[in-house]
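**Q** The following block contains a protein sequence and its predicted model.
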Amino acid sequence: MVVNHPLLSEKAVDLIEKENKLVFIVDKNATKSEIKEAVEKLYDVKVDAVNTLIDSKGRKKAFVRLSKESSASELATKLNII
């Protein structure tokens with residue numbers, strides 16, 4: 001499984017509101033294209049870009065920017081993030 005779960009934090013909520021981005025914890029070996037494909041299939045949205053990083057706890061975070069047609073806040077509401 002590429003996408004493990006969405007991340008809820010103060011910064012993540014800020015990104016949802018200001019930049020139309022969602023943050024997910026993903027498999028450490030997943031590529032950006034695999035993450036993009038998985039998010040599009042799982043949540044039926046269009047992804048513009050994916051940025052990743054390994055955090056201090058050793059988890060891989062994916063910052064997923066959705067296209068203008070897809071609303072991060074609507075998806076976050078469906079996922080009970082906000």
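**A** Cool, got the structure. Numbering: from 1, shown residues only.

**Q** Ser73 is in contact with Glu17, isn't it?
**A** Yes: assessed by CB atoms under 8 Å, Ser73 is found in contact with Glu17 at 6.7 Å. All C-beta spots, glycine's among them, are computed from the backbone N, C-alpha and C.

**Q** does the nearest residue to Arg59 once chain neighbours are set aside count as helix, strand or coil?
**A** Excluding the flanking residues, the one nearest Arg59 by CB to CB, 6 or more residues apart in numbering is Ile25, at 5.3 Å. Taking DSSP: H, G, I helix; E, B strand; the rest coil as the rule, one finds Ile25 in the strand state.

**Q** how near is Ile25 to Lys68?
**A** Distance, Ile25 to Lys68, by CB to CB, to the nearest Å: 25 Å.

**Q** same check, this time on Ala30
**A** Going from Ala30 to Lys68 by CB to CB gives 25 Å.

**Q** The two - which one has more neighbours?
**A** Between Ala30 and Lys68, counted using other CB atoms under 10 Å, the more crowded position is Ala30 (21 against 8).

**Q** Now do the phi/psi pair for that one.
**A** phi -70, psi 140 (degrees, to the nearest 10).

**Q** What does the pLDDT read for it?
**A** You'll see Ala30 listed with a pLDDT of 97.

**Q** What residues does the residue nearest to it when sequence neighbours are not counted make contact with?
**A** Counting by CB to CB, 6+ apart, Ala30 lies nearest to Val2, which is 4.6 Å off, once chain neighbours are set aside. By CB atoms under 8 Å, 6 or more residues apart in numbering, the contact set of Val2 is 26-27, 30, 34-35, 37-38.
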